[in-house]
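Q: 3D, please:
(chains A and B)
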There are 2 protein chains.
Amino acid sequence: MKKTIAHTILGMLALSLATAASAQVKPEDQIKYRQAGYRFMSWNMGKIKGNLEGSYNKDQVAAAADAIAGIANSGMGALYGPGTDKAIGSVKTRVKPEFFKEGENVGKLAREFNAATNDLAKAAAGGDAAAVKTAFGKVGESCKGCHDKYRESE
Amino acid sequence: MKKTIAHTILGMLALSLATAASAQVKPEDQIKYRQAGYRFMSWNMGKIKGNLEGSYNKDQVAAAADAIAGIANSGMGALYGPGTDKAIGSVKTRVKPEFFKEGENVGKLAREFNAATNDLAKAAAGGDAAAVKTAFGKVGESCKGCHDKYRESE
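A: Next up, the predicted model:
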């Protein structure tokens, strides 16, 4: 049990740059903020997809990739604090209980996700659509890997 | 009238990197995405404020500022498309009608906001808390300038 808690804390630290400042955010607001982050990343993933499938606008792709990397690396682990594991009033969450029990794996997935978004931002800045396509695929796989394991289906 | 429309379009272009790809986003999703972007920026502004008022963690501030700049520069103007000027079902919006009529001014405010977030990201990367405080104040003023003019009070 102690080991599990230690692993969870370790994973959470790896996932975030959590500090006292973020700990003051109310649990319902933590849920709202994390959902906002994922939603905004989703919009930008959609834009990159649109560019890869249609006409490619380097500036738009680079801007979208920067937004995704900026959000991913902002320390979202701090938004999974105590009390955010289930709905609070009208604020729903699809996170599974396992997320809070498997900190080591969650931390690993989070680090891989952050690295994938950084690779995408680098590729996007370079402007090579083929490199962006590869990096974009890896970010998408990383999203899916965590969703499949730790997010309830709708 | 024609001039007003031209100004609005000009402002919108300045505000965004709008393309056909983003135009395909449903109006209700545009509202949700833009609100997600502002909400996530708000969380990160709060973190920077906490650092300026408490103990200063350079890495957390830099990460927060990067997220804000990334979101601000992602082309959010594309999320103010036709039909997004009022509530769509349960998806509410506080944007005032003037926002869609004063494109030139909106574009100016958006450019100033983006520049302020870039200055904040630069200052945060440097790690000088005094410089961050000044840049943070300017971003806050820019947020408020647009809210006062174009957002309904709650």
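Q: could you list the residues in contact with stretch A:124-138?
A: Stretch A:124-138 has contacts (CB atoms under 8 Å, 6 or more residues apart in numbering or on different chains) with A:45, A:48-49, A:51-52, A:56, A:58, A:61-62, A:64-66, A:116, A:119-120, A:122-123. C-beta: built from backbone N, CA, C; applies to glycine.
Q: try it again with 10 Å
A: Contact partners of stretch A:124-138, identified using CB atoms under 10 Å, 6 or more residues apart in numbering or on different chains, comprise A:45, A:48-49, A:51-53, A:56, A:58-66, A:68-69, A:112-113, A:115-123.
Q: can you narrow those down to the ones near chain B?
A: Filtering these for proximity to chain B by CB under 10 Å from any CB of the partner chain leaves A:48-49, A:51-53, A:59-66, A:68-69, A:121.
Q: about what we covered before: narrow the contacts of stretch A:124-138 to those in strands?
A: Counting by DSSP state E, none of the members of the contacts of stretch A:124-138 fall within strands.
Q: one step back: now, which of the ones next to chain B among the contacts of stretch A:124-138 lie within helices?
A: A:48-49, A:51-53, A:59-66, A:68-69, A:121 (DSSP state H).
Q: and the residues you listed, which two are the farthest apart?
A: A:E53 and A:A69 (21.4 Å; CB to CB).
Q: between those two, which is the more surrounded one?
A: A:A69 (26 against 10; other CB atoms under 10 Å in any protein chain shown).
Q: surely that one meets A:I48?
A: No - contact criterion CB atoms under 10 Å: A:A69 and A:I48 do not qualify, at 11.8 Å.
Q: give me the pLDDT for the residue nearest the centre of chain A.
A: In chain A, the C-alpha nearest the mean C-alpha coordinate belongs to A:A72, at 5.0 Å (CA atoms, centre = their mean). Looking at A:A72, its pLDDT reads 98.
Q: and the ones in helices among the ones next to chain B among the contacts of stretch A:124-138, which is closest to A:P27?
A: A:I68 (25.5 Å).
Q: just checking, the closest one touches A:D119?
A: No - judged on CB under 10 Å, A:I68 makes no contact with A:D119 at a distance of 11.0 Å.
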